[in-house]
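>>> Below: sequence and its predicted model.
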Amino acid sequence: MTGAGVIPGHRGADLPAGSTVVRLDRDLGLAAAPALRLRLMSELRPGIRLLVLDLSRVQSCDPAGLAVLIGTQRRAAERGIVLRLAAPSPPVVELLHSTGLERCLTVCPDLPGALERGTSTHEPPSPRPSSLAR
């Protein structure tokens, strides 16, 4: 099952106001998708303007995991929340590139970059970071 939680060392005082970071790990697959969906939906609460998913520890992702990410982005946008994917692991980079989803999801090469960018709810599609470009 996928673990999710606030990043150690990034307590609320360390994050920009209205921001939440969730670290995902292991596999984003069919078995983990229902629990992951519930966990991420619980983060889309009033007062949150930025939700960052740290993907640096994700070992694999399948279509069910991608569906959760896309669904979370859609629901976040409906609530005026910006969703960013931070530091995707090499397997996730490859999957985002092969599916073309790096053009639809805001992907940042690292966590500090995901947190430093503005929290506009009208964020343009992310440019292809050099870590995703081929």
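Now that the structure is in, tell me what you want to look at.
>>> and the strand ranked longest in the chain, which strands flank it?
The longest strand of the chain (DSSP state E) is strand 50-61. Using DSSP bridges, the strands paired with strand 50-61 in its sheet are strand 19-28 (parallel), strand 82-86 (parallel).
>>> Quick one: distance of stretch 32-40 to the chain centre.
13 Å (C-alpha atoms, centre = their mean, to the nearest Å).
>>> Just the buried positions in that stretch, please.
Of all the residues in stretch 32-40, those buried under the rule 16 or more other C-beta atoms under 10 Å are Ala32, Ala33, Leu36, Arg37, Arg39, Leu40. (Glycine included, C-beta is placed from N, CA and C.)
>>> if we can go back for a sec, with respect to the strands paired with strand 50-61, which exhibits the lowest mean confidence?
Note on the strands paired with strand 50-61: strand 19-28 shows the lowest mean pLDDT, a mean of 94.
>>> could I get it in CSV with only the CA atoms?
The C-alpha trace of strand 19-28 is given here as CSV (Å, rounded to 0.1, in the frame of the first residue of the first chain):
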residue,chain,number,x,y,z
SER,A,19,0.2,24.7,1.5
THR,A,20,0.3,21.0,2.2
VAL,A,21,3.0,18.5,1.1
VAL,A,22,2.1,14.8,0.9
ARG,A,23,5.0,12.3,0.3
LEU,A,24,3.9,9.3,-1.6
ASP,A,25,6.0,6.1,-1.6
ARG,A,26,6.3,2.6,-3.0
ASP,A,27,3.7,1.8,-5.7
LEU,A,28,0.9,3.9,-7.0
